[in-house]
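Enquirer: Prediction below, plus the sequence it came from.
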Amino acid sequence: MTAAHDYDDMHHLVEQLTPDRLVEVRAHALRLVTGRRTFIPWSELKRAATHLPRIDYAEFRSDVDAAIDQDTLLGDTR
């Protein structure tokens, strides 16, 4: 924690975190240090999922079945 100006304050804040929040803080610190995302917290996924469009499962199943039924292999004479 060489970058922290007030070590006591940081330790006090970390001591107040729940285990789940501590995992998120660690993941965020790793992202800051490495510059890449290696872990996405569940709370972030849950928040992002609320903005996804609803899916029509019957239409989705029909589209998947149509893609599977396509003649994509060379020489397939079905």
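Expert: Yep, it's here. Numbers count the residues shown, from 1 in each chain.
Enquirer: looking only at pLDDT, what's the mean for the helix or strand encompassing L32?
Expert: In this assignment (DSSP states H and E), L32 forms part of helix 19-34. Taken as a whole, helix 19-34 has an average pLDDT of 83.
Enquirer: now whatever helix or strand comes next after that helix and helix 19-34, what's the angle there?
Expert: Where DSSP H and E defines the elements, the next helix or strand beyond helix 19-34 is helix 42-49. Going by axes from the mean of the first three to the mean of the last three C-alpha atoms, to 10 degrees, helix 42-49 is angled at 80 degrees with respect to helix 19-34.
Enquirer: next structured bit after helix 42-49?
Expert: Where DSSP H and E defines the elements, the next helix or strand beyond helix 42-49 is helix 57-69.
Enquirer: mean confidence for that following helix?
Expert: Helix 57-69 shows a mean pLDDT of 87.
Enquirer: Just the C-alphas of that helix, formatted as CSV.
Expert: Written as CSV, here are the backbone C-alpha positions of helix 57-69 (Å, rounded to 0.1, in the frame of the first residue of the first chain):
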residue,chain,number,x,y,z
TYR,A,57,-37.8,-18.3,-26.3
ALA,A,58,-40.1,-19.7,-29.0
GLU,A,59,-38.6,-17.5,-31.7
PHE,A,60,-35.1,-18.3,-30.4
ARG,A,61,-35.7,-22.0,-30.5
SER,A,62,-37.1,-21.8,-34.0
ASP,A,63,-34.0,-19.8,-35.1
VAL,A,64,-31.6,-22.4,-33.6
ASP,A,65,-33.5,-25.3,-35.2
ALA,A,66,-33.4,-23.5,-38.6
ALA,A,67,-29.7,-23.0,-38.2
ILE,A,68,-29.1,-26.7,-37.3
ASP,A,69,-31.3,-27.9,-40.2
